[in-house]
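Visitor: got a sequence here, can you build the structure:
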Amino acid sequence: MKKNIAILMGGYSSEFEISIQSGNVVYKHLDPEKYVAYRIHITTDGWYYVDDRDQKHPIDKNDFSLSLNGSKIIFDAAFNIIHGTPGEDGLIQAYFELIGIPQTACDFYPAALTFNKRDCISALKPYGIPTATNYFLNKGDKIDSNEILDTVGLPCFVKANKAGSSYGVSKVKTEAELLPAIDLAYKEDDEIIIESFLSGTEVSVGVITYKGKDTVLPITEIVSENEFFDYEAKYLGKSQEITPARLSEKDMKKVQDLALRVYQILKMKGFSRSEYIFHNGEPHFIEMNTTPGFSEASILPQQVLAAGISIKDLLTNTIEEAIQ
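Guide: Numbers count the residues shown, from 1 in each chain. This is a model prediction of the structure:
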């Protein structure tokens, strides 16, 4: 008997449209012989099943059920492809754990931890994971430009602490650019992380649970036409994404081992994508994505195909792992 799968997409953040694109790719590739797929839009106005005629049907949040044509549909699992809140920060994970429906992303606490860049870095440091030098600000804090720049130097990056797709991120090259960058970051979040500039090759590493084993996918090298891997570089073609990355065997093994260790320290499940920069010859952790982009332009699908895994097989595996 086919299983009913809710594909969760949308969300409450600036990444709404990107998540819709990712969700539609999952919908397109889900095995129709095994699953009945339902596109569920999670929006600030409500949660809806959107049918193939773009008609909306409300979801009952009490038990995450759907009434359709006089029948009540119960879901066997939820495929979580929401970028940002509430799908990547632990909120939706906690909800599904409470009502007893399996979902494909990591559990609620690892999601909340990794979505908070500052907390994630703080959790990894005792394990000796290399990161940039950083400085934290909360909205309302006194801003001491001299203290910030004495700590992180120039150039530096100013980032919204809990945001994805490079929203609220600026590369700051002069002291005059610092305050406008902080103002921009505060538009996305009331917490900020300011990081020292790491110079070197940037790579993106997918790690997935596949057939019961934590598996590192072929690594992607990021060559941005812009100052950094920003929104335009990620989604509007302003970058080269080279898979496999042009790394020596030694460097390849370094970052593979580090990415696998980070995945396991943070108790990830399903699929993830983490970012690293080789600074002074060593990979430094930047951030973890627990529901990484899955649109046609996204990195993780490229890595999956390079590993010889079909998108359909990956999705099937991810759902069955979650149910088991």
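
Visitor: can you pull up the most central residue in the chain?
Guide: In the chain, the centroid-proximal residue (Cα atoms, centre = their mean) is Asn289; its distance is 2.7 Å.

Visitor: Provide the partner residues of the nearest residue to it once chain neighbours are set aside in its beta bridges.
Guide: The shortest distance from Asn289 to any non-neighbouring residue, by Cβ to Cβ, 6 or more residues apart in numbering, is to Arg273 (4.6 Å). Glycine gets a C-beta too; all of them are placed from N, C-alpha and C. Per DSSP bridges, the residues bridged to Arg273 are Gly206, Asn289.

Visitor: pull the contacting residues for Arg273.
Guide: By Cβ atoms under 8 Å, 6 or more residues apart in numbering, the residues touching Arg273 are 204-207, 288-289, 292, 299-300.

Visitor: check these and tell me the two furthest apart.
Guide: Met288 and Ile299 (13.8 Å; Cβ to Cβ).

Visitor: pick the one among the contacts of Arg273 closest to Lys253.
Guide: Lys253 has its nearest neighbour among these in Val205, at 12.1 Å by Cβ to Cβ.

Visitor: touching, that closest one and Ile219? I think so.
Guide: Yes. The pair Val205 / Ile219 is scored as a contact, 5.4 Å apart, by Cβ atoms under 8 Å.

Visitor: next, show the common contact partners of those two.
Guide: Common contacts of Val205 and Ile219 (Cβ under 8 Å, 6+ apart): 255-256.

Visitor: I'd like the average pLDDT over stretch 10-29.
Guide: Average pLDDT, stretch 10-29: 95.

Visitor: can you give me how far it is from the chain middle?
Guide: Relative to the chain's own centre, stretch 10-29 is displaced by 12 Å; criterion: Cα atoms, centre = their mean, to the nearest Å.

Visitor: any buried residues in it, and which?
Guide: 10-16, 18-27, 29 (16 or more other Cβ atoms under 10 Å).

Visitor: the spatially closest residue to Met9 that is not a sequence neighbour: which element?
Guide: Nearest residue to Met9 in three dimensions, chain neighbours excluded: Gly23, at 2.7 Å (Cβ to Cβ, 6+ apart). Gly23 is part of helix 16-29 when elements are defined by DSSP states H and E.

Visitor: can I get that helix in CSV, CA atoms only?
Guide: The C-alpha coordinates for helix 16-29 follow below in CSV (Å, rounded to 0.1, in the frame of the first residue of the first chain):
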residue,chain,number,x,y,z
PHE,A,16,9.9,31.1,1.4
GLU,A,17,10.1,31.1,-2.4
ILE,A,18,13.4,29.1,-2.4
SER,A,19,11.7,26.5,-0.2
ILE,A,20,8.7,26.3,-2.6
GLN,A,21,11.2,25.6,-5.5
SER,A,22,12.9,22.9,-3.4
GLY,A,23,9.6,21.3,-2.4
ASN,A,24,8.4,21.2,-6.0
VAL,A,25,11.6,19.3,-7.0
VAL,A,26,10.9,16.8,-4.2
TYR,A,27,7.3,16.5,-5.5
LYS,A,28,8.6,15.9,-9.0
HIS,A,29,11.0,13.1,-8.1
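
Visitor: residues touching that helix, excluding its own?
Guide: 7-11, 37, 39, 41, 43, 79, 81-84, 87, 165, 235, 293-296, 298, 301, 311-312, 315.

Visitor: so after it, what's the next helix or strand?
Guide: Next along from helix 16-29, by DSSP H and E: strand 35-43.

Visitor: if you average pLDDT over that following strand, what comes out?
Guide: For strand 35-43, the per-residue pLDDT averages 98.
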